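Peer 1: Coordinates for the following, if possible.
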Amino acid sequence: MPEHPAVEGWTPPSALERRRILDRSRSVAVVGASANQARASYFVLTYLLSSSADYDVYPVNPRAAGGEILGRRVYASLADLPVTPDIVDVFRRAEDLPSVADEAVEAGASVFWAQLGLWNAEAARRCAAAGLDVVMDRCLKIEHARFHGGLHLAGFDTGVISSRLSSHH
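Peer 2: Residues are numbered from 1 along each chain as shown. As a prediction, this is how the structure comes out:
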């Protein structure tokens, strides 16, 4: 994990706190969702739609709005969603994060989650000030698999966390 400068008013959540966030959340809006199979957001969408994740998933991408990605309707913005998302998982450039943070606050989201490699102090400040949990520079798929993965088909915990697809993040 690269070191990031401290952000006033926000402390990155511990592993236990991240697990609690994932366990209590039911809906995930994926901002910057892509139908391009080579994109990280596509892998994460695929994972989130799998039975092992058990979330209601809402792709958000203004350029693909009205279409479908992996059989799910794509929405133009967080404001257009039919639900209030628990987690807003963001796949956009770091400089876009503050505006997405504002949208997440407006939408009433509980968690602002910036994908692996993404970090923006202003976005963290805005969301934390509005009472959202903020996770940055972490992959929701990797984090979920860390806490819930490694289960053998028979349901036994093998203690092994698969690294399949991780090279695509």
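Peer 1: what sits against residue 75?
Peer 2: 29, 58-61, 65, 81 (CB atoms under 8 Å, 6 or more residues apart in numbering). Glycine gets a C-beta too; all of them are placed from N, C-alpha and C.
Peer 1: Narrow the residues you listed to those that are buried.
Peer 2: Buried by 16 or more other CB atoms under 10 Å: 29, 58-61, 81, out of the contacts of residue 75.
Peer 1: Same list, the residues you listed, but as JSON lines with distance to residue 109 please.
Peer 2: Listed next are these as JSON lines, based on distance: CB to CB, whole Å:
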{"residue": "29", "distance to residue 109": "7"}
{"residue": "58", "distance to residue 109": "11"}
{"residue": "59", "distance to residue 109": "15"}
{"residue": "60", "distance to residue 109": "11"}
{"residue": "61", "distance to residue 109": "17"}
{"residue": "81", "distance to residue 109": "10"}
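Peer 1: farthest pair in these?
Peer 2: Spatial extent of the buried ones among the contacts of residue 75 (CB to CB) is set by the pair 61 and 81 at 12.4 Å.
Peer 1: ok, which stretches of the chain are helices?
Peer 2: Counting by DSSP state H, the chain has these helices, from start to end: 15-24, 40-48, 97-107, 121-129, 140-148.
Peer 1: list the buried ones in the longest one?
Peer 2: Within helix 97-107, the residues scored as buried using 16+ other CB under 10 Å are 97-98, 100-101, 103-105, 107.
Peer 1: Closest one of the residues you listed to residue 46?
Peer 2: Among these, residue 100 lies closest to residue 46 (CB to CB), at 21.7 Å.
Peer 1: on that earlier part again, including distance to residue 85 and pLDDT, could the buried residues of helix 97-107 go into a markdown table?
Peer 2: As requested, the buried residues of helix 97-107 are exported to a markdown table (distance: CB to CB, whole Å; pLDDT from 0 to 100):
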| residue | distance to residue 85 | pLDDT |
| --- | --- | --- |
| 97 | 16 | 97 |
| 98 | 18 | 97 |
| 100 | 12 | 97 |
| 101 | 13 | 98 |
| 103 | 10 | 97 |
| 104 | 8 | 98 |
| 105 | 12 | 98 |
| 107 | 6 | 97 |
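Peer 1: The residues you listed into TSV, with extra columns for distance to residue 134?
Peer 2: Converted to TSV, these look like this (distance: CB to CB, whole Å):
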residue	distance to residue 134
97	10
98	12
100	12
101	8
103	14
104	10
105	11
107	15
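Peer 1: Out of the residues you listed, the closest to residue 9 would be?
Peer 2: residue 101 (13.1 Å).
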